[in-house]
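J.: Need coordinates for the following:
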Amino acid sequence: MSISRRNFTLGLAAGTAAAALPSPALAASHGVTPDGATGSPRAPYFAETTLWDSAVDPLASYFVYGLVVLPDDTIIACTEGRHETCDAGPHDLLIRRSTDGGQTWTATQAVAVAVDRETWANPTFVVDRSTGEVFLFHNLCEQLPENTSCSADSSTVYVISSTDGGATWSERRSLAGMFDHFPYNWAMHGPGPGHGIQLASGRLVLTVSHRTIITGVPAAQRNYGVSTIYSDDHGRTWQAGGEVPMRTDLPALGEARLVQRSDGTVVMNSRPGSGQDWPRGIAVSSDGGETWSESTLDFNAGLFNGCDNSLINYPGGRMVFSRPDAPMRWNMTVSVSYDEGYSFRYSRTVNPGRSYYSDLAHLSDGTIVLLYGCDGELDGSPRRVSVARFNLEWLTQGRDSLATGPQLSERSFDLGNTAPAARRSGGTVAVVREPTARRGARAVFTPDAAGDFIEYSVTAGSDAEYELWLRYHRSSSGGLVTVTVDGRPLRNSSFDFTTFRLDGYAVALLGRLRLQAGRHTIRFTSAGAGRGGGTTMSLDELSMVRSAHSPDVREEVTVDNGGDLGFSVVGTWPSSRGVPGYYGFNYTSHAKGTGANVARWRPALPGGDRYEVLASFSAGTNRATDATYVVHHADGVTPVAVDQTQRGVPELRTGEWVSLGTFRFEAGIDGYVELSDAASNVVIADAVRFRRQPA
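T.: Residues are numbered from 1 along each chain as shown. Model (predicted):
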């Protein structure tokens, strides 16, 4: 079996140590020495500054952002200054700069002005760290005369650059015609937004999203896609890179970010299209963005409502990720990864309120800079734009620092390429070659019957307590699977491999287990059909992690009405977004009736245990005072009447929740909750959460 090891006992790898040393001026302003990357951890630090505020500043909205830190630690932030709250209205491009680590900022400077109601949009920075020149890509959007919507039909990409830290900028250069060779009738071309990257080879590369005109073209025929542009001559000329292969079964790919992994591959992390909540899309390139794999969904970091997020490399082999950690645009959260973005171990909320687009960068002393939109009352437009500055100690709450490292090591085992040699009791196994798999391949085990298993030998390097993490692939044919180690069940040992959107990868913590040095057996057993009726299991990688600190893991399962696999109805339950307080994208409802119309929430619970069951709904005066949730649990059936005219307890990740009680459930998919229309008035079926009780 293929094994890899990653150790993070030191904060910096040799190849990034120089980049982490602060300039003397910046070090003095932050109270650290130039060798601050070694020695004692710094005290947790957080500060925040508002750069633009539509309640104070002259324009209607400040939305869509770019952020860059130059080699001398100059920070440049850019936003669309919108004269109207409209994607296709007149927009300026505005920047502010800081030369003291974000403590003070210059006045707003316009680098593009809507003199004749032009729509300047999608600011995207790229900096050449060998020359210091910074490039600002953007587009000029246009509408056809008959288009009365708030979306443009076409655009042209432009670029300007600065060699004096953003104080002055070059003449604007047009990149018109660069995408004409693509066979998709693309007319709209949007850089980034945010920032591109410089690869280890020196290549400058950024993403561009595309679509056809919208006027007269049905949404399904607009050919939403993403490609790249790059330069190998320090920005003197720019070339079109490859597009991510088009897939009609995926939601429209849009704004995307790039990072380069240690093996040289480039990862494109894309947002889903607008509407409802989807995981991120992941594609990879092994030739610097000239060609791309197909995109696949990444369930690891959660669900997102069509929102631009940010992902950056950070010293010491880490990656840092920002996004609204909720199905809607709330709860701006930043997370850190120690396995190059396959999972995110520690997270912290920056702003629990409304949160929108974001962009990340870091200073040479390791300070993380987050530019993001926040606050306000509109789903599609923030009230203000804020820049937050914080260190790794604040983000991880002291569990990691550049001085000491996270005190974490990982020993991973390839379950894909080694599957043909694994022992199994029956069924068949196939190896699927896929660039988005962690070692380029995943195993697909198809059992002949429930009880069939596939098992692998894994090795513990020493007597110790290990966290066991599984990366697996979810599909429409996925089944219910139980996991044991040396015959022992883990805290989380039951998984439904069925997808609830489209195919994609997920990461799960199986549990913490004390193992003796030597060989151990991990077994994956078919427990029957999943909630989609399939029985297959697809395995990618097992990781054994030793850490001095526990990861941030929510021990809860939420089933929402908005398309989740475990939600189903009998009868017609129309959806709505009219009354706030619901979880996710919308809620469903039914008028009072006889009980023939039923909503059901069926979770896949990872372990047999006691779970608090909570229900979210949007309260209102026309709601039932006796909406009766029927909880089917391991010890029987319990009806719980809820007054839906009364609001529940708000939660950061949206929804207003009422507890139905705590019950014992078996692992798997046997337990469920039902709600019928047998009530005094309208009943609301929104989301039900199963929160595991502490061990």
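
J.: can you give me phi and psi for Gln221?
T.: phi -110, psi 20 (degrees, to the nearest 10).

J.: just the helices in the stretch 201-350 of the chain please.
T.: In the stretch 201-350 of the chain, no helices are defined using DSSP state H, counting those that start in this stretch.

J.: Check whether Ser347 really touches Ser337, as I assumed.
T.: No: if you go by CB atoms under 8 Å, Ser347 and Ser337 don't touch, sitting 10.3 Å apart. Using the backbone N, CA and C atoms, a C-beta is placed for each residue, glycine as well.

J.: which stretches of the stretch 201-350 of the chain aren't confidently modelled?
T.: For the stretch 201-350 of the chain, the stretches with pLDDT under 70 are 251-252, 273-276, 304-305.

J.: just the strands in it please.
T.: 204-211, 225-231, 239-243, 256-260, 266-270, 280-285, 296-298, 310-314, 318-324, 330-337, 346-362 (DSSP state E, counting those that start in this stretch).

J.: Distance from the last one to the middle of the chain?
T.: A distance of 11 Å separates the C-alpha centroid of strand 346-362 from that of its chain, computed with CA atoms, centre = their mean, to the nearest Å.

J.: Who is Ser457 paired with across the strands?
T.: Thr521 (DSSP bridges).

J.: Wait, it touches Thr521, no?
T.: Yes: between Ser457 and Thr521 there is a contact at 5.9 Å, judged by CB under 8 Å.

J.: Now Met246. Nearest residue, chain neighbours left out?
T.: Gly225 (5.7 Å; CB to CB, 6 or more residues apart in numbering).

J.: what's near enough to touch that neighbour?
T.: Counting by CB atoms under 8 Å, 6 or more residues apart in numbering, Gly225 makes contact with 182, 184, 186, 209-211, 243-244, 246, 253.

J.: Could you do Gln143 as well?
T.: Contacts for Gln143 (CB under 8 Å, 6+ apart) come out as 88, 149, 151-153, 215.

J.: Most neighbours among those residues, please name it.
T.: Ala152 (24 neighbours; other CB atoms under 10 Å).

J.: and that residue, which of the three is it?
T.: Using DSSP: H, G, I helix; E, B strand; the rest coil, the structure places Ala152 in coil.

J.: distance of it from Ser209?
T.: As judged by CB to CB, to the nearest Å, Ala152 and Ser209 stand 13 Å apart.

J.: again with Tyr582
T.: 30 Å.

J.: Comparing those two, which residue is more hemmed in?
T.: Counted by other CB under 10 Å, Tyr582 and Ser209 do not tie: Tyr582 has more neighbours, with 28 against 23.

J.: surely that one meets Glu651?
T.: No: using CB under 8 Å, Tyr582 makes no contact with Glu651, being 11.5 Å away.

J.: list residues touching both of the two?
T.: Residues touching both Tyr582 and Glu651 (CB under 8 Å, 6+ apart): Ser616.

J.: burial count for Leu206?
T.: Using other CB under 10 Å, Leu206 has 27 neighbouring residues.

J.: so what are the domain limits for the chain?
T.: If you go by automatic domain parsing, the domain ranges for the chain are 46-361+384-390, 409-547, 556-692.

J.: Identify all contacting residues around the helix or strand containing Val431.
T.: In the assignment (DSSP states H and E), Val431 maps to strand 428-433. Contacts to strand 428-433, defined as CB under 8 Å, 6+ apart, come from residues 416-417, 419-420, 422, 440-446, 454, 538.

J.: Tell me which residues are up against stretch 44-63.
T.: 77, 79-85, 92, 94, 96, 102-103, 105, 108, 356-357, 367, 371, 373, 376, 381-391, 393-394, 397-398.
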